[in-house]
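In: Let's see this in three dimensions:
(chains A, B, C and D)
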Protein chains: 2
Amino acid sequence: MPPRHKTEQQRQEIRNAIIDAAREMFIARGVEAVTMREIAKKVGYSPTALYLHFEDRDAILQAICDTDFLALANGMQAIMREPDLIKRINLLAQGYTQFALSHPNHYRLMFMTPRVCDPNASIMQKENTEQDAYAQLKLVVREAFAAHCFRPELTDAELIAQTLWAGIHGVCSLQIALANDTWVNWRNIEQRLHLMQQSLMRGLLRHS
Amino acid sequence: MPPRHKTEQQRQEIRNAIIDAAREMFIARGVEAVTMREIAKKVGYSPTALYLHFEDRDAILQAICDTDFLALANGMQAIMREPDLIKRINLLAQGYTQFALSHPNHYRLMFMTPRVCDPNASIMQKENTEQDAYAQLKLVVREAFAAHCFRPELTDAELIAQTLWAGIHGVCSLQIALANDTWVNWRNIEQRLHLMQQSLMRGLLRHS
DNA sequence: TCGTTAACTTAACGTCGTTAAACTAAATAA
DNA sequence: TTATTTAGTTTAACGACGTTAAGTTAACGA
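Out: As a prediction, this is how the structure comes out:
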């Protein structure tokens, strides 16, 4: 195997190949299945070669996470064109749930696992609406707040956004973590999501 | 070291010693810190001796879980004496949150991690109100349902219970997973919990 | 042409969960 | 009492893991 000096682009391609290989294993078999040795085998390198492109295993997982935050935000962006504010919030909730349930392993890594959270490690841009689904939610909620949609005693739009997020996240994360649990006689996820949306909105909105 | 035949009670004591040692490490340093070798060192046995009392590492974690489900249910039981139904629901939510935030590692293992879920592996008794916090929530909600506290179009008490749980769980689990995340400008956990309770109840209850 | 350096591999360390085999002392059977 | 079974435990080992150190090879700059 002849080593060649690589251009920055070629290095980026290798990085992407590593991420893609890791993601594939990750989607199919979860975090623990993502091992340096198996990634290496998949991309045709020795395990140690991965360390030339990523600091350690966590950095690879972080990279997977990053691209999936983008994917989530991307999915939300189409919804943001909906003109009706309330409808838009509801659509966001449904889109978010759809992402969560169709990418449970990603969702776990993104929102159900305590972060190492070295903010500098991430390429993501906070408050950039195109890259941040939470920023999009905040945006709608602030608009609705400005339009006096919410009950008058509610004075903090960001608190409202966080509560909406927590409600939907609660439904999604319980589904991911405990859906197969015989302990609870779970109702349909659709019913649970719907009642959560309906109740929260009724509790938060000004008009019934 | 002289091996002696042990009574069933002595065996149980060893089991408990193992669980206690494991729990101690678990509370301080999380799941990954619970290694067979370190547990063994703590209880004064060789690592392999643990397999005489537990099938594998997961069984030890499961045992930790079980006793903590009991602890949670136990904490709820005092609250169940509150006569006012609505107040009781709110107190349950607060008690639950208090447990979650003061035992984050336990909470993660119990409610934020997909289960292996061999129902026979657990000693817990489903529907036994004294051992099952969810059964307690169901009980109050059913009572409130029978007393026509909820909006008339809501016809499924268990669905209501699951929605309430999901809402509170959403607040707790986001706090545990992402509180240190600089990404979100988090409001106080008290504010978030309060708005969640208030909104959900307003959205679910018949009168205002 | 000759070092330097980038790219990569092999070998190894120390960790982990877990299994197989050996050992030891008590309980039981003769 | 003595021989044998058996419960309790340990030592040794396997195969995996993430990661580091040291080596190898080929292209590049001088």
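In: for chain A, what are the low-confidence residue spans?
Out: For chain A, the stretches with pLDDT under 70 are A:1-4, A:116-127, A:208.
In: do you know how far the most centrally placed residue in it is from DNA strand D?
Out: Against the mean C-alpha coordinate of chain A, by CA atoms, centre = their mean, the closest residue is residue A:69 at 4.8 Å. Going from residue A:69 to DNA strand D by CB to the nearest atom of the strand, to the nearest Å gives 22 Å. Where C-beta positions appear, they are placed from N, C-alpha and C, glycine not excepted.
In: and the helix or strand containing that residue, anywhere near DNA strand C?
Out: Following DSSP states H and E, one finds residue A:69 within helix A:57-79. No - using CB under 7 Å from any atom of the strand, helix A:57-79 never reaches DNA strand C; the gap is at least 12.0 Å.
In: So which residues of chain A form helices?
Out: A:8-29, A:36-43, A:57-79, A:85-102, A:104-111, A:133-146, A:157-178, A:189-204 (DSSP state H).
In: can you give me the end-to-end distance of stretch A:29-44?
Out: Its start and end residues considered, stretch A:29-44 measures 20 Å (CA to CA, to the nearest Å).
In: wait, I meant stretch A:115-134
Out: 17 Å.
In: wait, isn't residue A:184 in contact with residue B:134?
Out: Yes - look at residue A:184 against residue B:134 with CB atoms under 8 Å: they come within range, at 6.2 Å.
In: Compare these two and say which is more crowded by neighbours.
Out: residue B:134 (21 against 18; other CB atoms under 10 Å in any protein chain shown).
In: residues in contact with the more buried one?
Out: A:183, A:184, B:161, B:165 (CB atoms under 8 Å, 6 or more residues apart in numbering or on different chains).
In: correct me, but residue A:133 touches residue A:68?
Out: No - contact criterion CB under 8 Å: residue A:133 and residue A:68 do not qualify, at 10.6 Å.
In: gap between residue A:11 and DNA strand D?
Out: From residue A:11 over to DNA strand D the distance is 14 Å, taken as CB to the nearest atom of the strand.
In: wait, doesn't residue A:40 sit right on residue A:50?
Out: Yes - checked against CB under 8 Å, the pair residue A:40 and residue A:50 is within contact range at 5.8 Å.
In: quick one: which of residue A:133 and residue A:68 has more around it?
Out: Counting neighbours by other CB under 10 Å for residue A:133 and for residue A:68 shows that residue A:133 has the greater number, 23 against 19.
In: Over to stretch A:47-62 now: how far is its first residue from its last?
Out: With CA to CA applied, stretch A:47-62 spans 18 Å between its terminal residues.
In: Just flag the most distant two among the contacts of residue B:134.
Out: Within these, two members stand farthest from each other by CB to CB: A:183 and B:161, at 13.1 Å.
In: In terms of neighbours, single out the busier of these two.
Out: When neighbours are counted by other CB under 10 Å, residue A:183 and residue B:161 differ, and residue B:161 comes out ahead with 24 against 18.
In: Next, the contact list for that one, please.
Out: Here residue B:161 is in contact with B:134, B:137, B:138, B:141, B:142 (criterion: CB under 8 Å, 6+ apart).
In: Can you tell me the closest non-neighbouring residue to the fourth one?
Out: The one in question is residue B:141. Spatial nearest neighbour of residue B:141, chain neighbours left out: residue B:161 (4.3 Å); criterion: CB to CB, 6 or more residues apart in numbering or on different chains.
In: How much space separates that neighbour from residue B:168?
Out: Per CB to CB, to the nearest Å, residue B:161 is found 11 Å from residue B:168.
In: and if you look at residue A:191?
Out: From residue A:191 across to residue B:168, the span is 18 Å (CB to CB).
In: between these two, which one's more packed in?
Out: Set residue A:191 next to residue B:168 and count neighbours by other CB under 10 Å: residue B:168 wins out with 24 against 14.
In: right, and the more buried one touches residue B:193 too?
Out: Yes - in this structure residue B:168 lies within contact range of residue B:193 using CB under 8 Å: 7.3 Å.
In: who touches both of the two?
Out: Here residue B:168 and residue B:193 share the contacting residues B:93, B:97, scored by CB under 8 Å, 6+ apart.
In: Of the contacts of residue B:161, which is the most crowded?
Out: That'd be residue B:141 among those, by other CB under 10 Å, with 26 neighbours.
In: need the contact list for that one.
Out: Applying CB under 8 Å, 6+ apart, the residues near residue B:141 are B:89, B:157, B:158, B:160, B:161, B:164.
In: related to what we said a few turns ago, can I get the contacts of residue B:134 in JSON lines including distance to DNA strand D?
Out: Converted to JSON lines, these look like this (distance: CB to the nearest atom of the strand, whole Å):
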{"residue": "A:183", "distance to DNA strand D": "31"}
{"residue": "A:184", "distance to DNA strand D": "33"}
{"residue": "B:161", "distance to DNA strand D": "40"}
{"residue": "B:165", "distance to DNA strand D": "35"}
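In: out of these, who's nearest residue A:62?
Out: The closest of the contacts of residue B:134 to residue A:62 turns out to be residue B:165 (CB to CB; 31.2 Å).
In: can you count the residues close to the closest one?
Out: 24.
In: Can you tell me the closest non-neighbouring residue to residue A:142?
Out: Residue A:142's closest residue in space is residue A:157 (CB to CB, 6+ apart), at 4.7 Å.
In: Verify the contact between that neighbour and residue A:147 for me.
Out: No - using CB under 8 Å, residue A:157 is not in contact with residue A:147; the gap is 11.1 Å.
In: Mind checking which of the two has more residues around it?
Out: residue A:157 (18 against 11).
In: mind checking how far the more buried one is from chain B?
Out: Distance of residue A:157 to chain B, given as CB to the nearest CB, to the nearest Å: 11 Å.
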